[in-house]
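J.: Below is the sequence, then the predicted model.
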Amino acid sequence: MNRTEHLLKRAAFALTTIFVAVTTNFFLFRVLPGDAVTNMARVPHASPQLKHALTAEFGLDKSKWEQYLIYLRNLCHGDMGISFAHRQPVRELLIADLMNTVPMVLAGTVAAIVAGVFSGVISAWRRASVADHLSTNLAIFAYALPSQWLGLVLLILFAGVLPSGGMMNEFLFEPAPFWQHLGDIGTHAILPVGTLMLTAYGGYTLVVRSSMLEILGEDYVLTARAKGLPARRIVWRHAVRNAMLPMVTLIALDLGYIVGGAVLIEVLFSWPGIGLAMYTAVSQRDYPMLQGGFLILTVAVILLNFLADLVYARLDPRIQR
């Protein structure tokens, strides 16, 4: 199988997975007890006519298979439906939420990658030293921390010192200058970004250390040492590139997971991203928002894994053959 056939096979598998996920998500939410109409009709003196009108407006008076076919048809045209709770197009709402989630995710992930790669490389190069023991134990401790628990601890420690909720100061009545506005967002992002970074850093450190220890025992590394090449050049130019192969998959999986839902962290810090939107949609039985959110999660994971395959081939020419 050549590279083109392999990529076509992977693309077909990705499309099939997305279709299965879309179908599962559609029926999963509709078999749960309760619905959006029941929640919205809980007002004093709500008549049966109101409930019937809401059911017809949301298209819930049709059979589930009819709703499913209509949903697939609309989805093929890029229409994710109308939010039951907000009465606005789901696509516009989720794009706005995603634009808030992505910067936080990227900042936390990049910081975790930089810290994890650096500490993992140093730990492997200085194996069995004090630095190795300290770095490894710290990484295991960070890896074992639940993100919601760590977020609560940071919230308790830094409440009153750093902003602990929201994305910006909502009490500013006049538009702030651009740089002041950007600084306000950055200040509010410190705690959620720090939580993401600390929970992901440990896994990256352990993976890089394990991979580096294997690479440093290869013949070409021993040959480079015998030639008298500087240690820094051996590590960063010859060993790190090959040691990054397992990191590609790990980063792709982490990004896909976090983009679709650093739900706990966004709920904890009231960050107006896609995770908080999905959490709110669960309590409101907002089917279109939930379907759209899970669709973004599915596509993000599959697309990032597909890109990881391409990067793998770039880093390791043997895969191209």
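T.: Sure, I can see it. Numbering: from 1, shown residues only.

J.: which other residues reach stretch 148-163?
T.: 164, 169, 187-188, 190-192, 194-195, 198-199, 264-265, 268-269 (Cβ atoms under 8 Å, 6 or more residues apart in numbering). For the C-beta atoms, the positions are set from N, CA and C on the backbone; glycine is no exception.

J.: how about those, which pair is most distant?
T.: Within the contacts of stretch 148-163, 169 and 199 form the most distant pair, 26.6 Å apart (Cβ to Cβ).

J.: Got the confidence number for residue 67?
T.: pLDDT for residue 67: 81.

J.: Regarding it, what is its secondary structure?
T.: helix (DSSP: H, G, I helix; E, B strand; the rest coil).

J.: Give the burial count for it, as a bare number.
T.: When neighbours are counted by other Cβ atoms under 10 Å, residue 67 registers 18.

J.: Relative to residue 30, how far out is it?
T.: Between residue 67 and residue 30 the computed distance is 8 Å (Cβ to Cβ, to the nearest Å).

J.: what about residue 169 and residue 199, which has more around it?
T.: Higher neighbour count among residue 169 and residue 199: residue 199, with 25 against 14, using other Cβ under 10 Å.

J.: Chain neighbours aside, what residue packs nearest to that one?
T.: residue 147 (4.6 Å; Cβ to Cβ, 6 or more residues apart in numbering).

J.: next one: phi and psi at the one you found?
T.: phi -60, psi -40 (degrees, to the nearest 10).

J.: Next, count neighbours for it.
T.: For residue 147, the neighbour count with other Cβ under 10 Å is 19.

J.: Quick one: end-to-end distance for stretch 125-134.
T.: From its first residue to its last, stretch 125-134 covers 14 Å (Cα to Cα, to the nearest Å).

J.: From the rest of the structure, what touches it?
T.: 122, 123, 124, 212, 213, 216, 231, 235.

J.: quick one: the fourth one from residue 220, how far?
T.: The gap separating residue 212 from residue 220 is 14 Å, by Cβ to Cβ.

J.: what's the answer for the first one, then?
T.: Summarising the geometry, the distance separating residue 122 from residue 220, computed by Cβ to Cβ, is 21 Å.

J.: Please apply the same query to the third one.
T.: Taking Cβ to Cβ as the criterion, residue 124 is separated from residue 220 by 16 Å.

J.: residue ranges with poor pLDDT in the chain?
T.: The chain contains residues with pLDDT under 70 at 1-3, 32-47, 49-51, 54-55, 57-60, 171-176, 253, 255-261, 312-321.

J.: quick one on the thing from earlier: quick one, which of residue 124 and residue 220 is more surrounded?
T.: Shown here are residue 124 and residue 220; by other Cβ under 10 Å, residue 124 has more neighbours (25 against 12).
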